[in-house]
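1. Requesting a structural model of the entry that follows:
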Amino acid sequence: MSGYSNVGQSSVYEAGDQRNTKDSEVPGRPRYEEGVKNSHLPNDSKDERSIANRLANEERKSNLKEQDDPETAASKKDPALPAKLHNNEPSKGAKIDAEIQAEEEEYLKQKHRK
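-> Next up is the predicted model:
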């Protein structure tokens with residue numbers, strides 16, 4: 001009946017917007033590994049993860065080594081070094097940390113001599 005109307009365009013009356021999408025175009029359920037970081041607590045008893053997934057998580061944690069970027073590694077050796085690398089004067093806290101670190105190194109050297 002709508003094909004006989006003389007009002008408006010014929011494309012308005014077509015069912016193009018009512019067609020079903022293909023199964024290949026329907027978004028699937030998100031996979032476990034693709035979840036948001038820190039969205040699952042490893043020790044959550046109400047979490048529905050299988051024992052195999054929990055074991056895999058523990059293995060992944062043991063194999064993963066936290067690697068520091070060069071600037072963080074440098075700050076562990078010398079607290080004032082990151083500021084010097086950026087051509088800035090080290091902060092008062094960094095200077096105090098460097099003094100404390102030097103005193104502790106001296107103390108450990110004296111301790112090992114005895």
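2. ok, A94 to R49 distance?
-> For A94, the distance to R49 (CB to CB, to the nearest Å) stands at 43 Å. The way it works is simple: take the backbone N, C-alpha and C, and place the C-beta from them, glycine included.
3. For those two, indicate the residue with more neighbours.
-> More crowded of A94 and R49, by other CB atoms under 10 Å: A94, with 18 against 13.
4. Can you give the contact residues for the helix or strand harbouring that one?
-> Using DSSP states H and E, A94 sits within helix 92-113. By CB atoms under 8 Å, 6 or more residues apart in numbering, the residues outside helix 92-113 that reach it are 78-80, 83, 90.
5. Ok, stretch 73-82 next?
-> The contact list for stretch 73-82 (CB under 8 Å, 6+ apart) reads 68, 71, 85, 90, 93-95, 97-98, 101.
6. now the end-to-end length of it.
-> End-to-end distance of stretch 73-82 (CA to CA, to the nearest Å): 10 Å.
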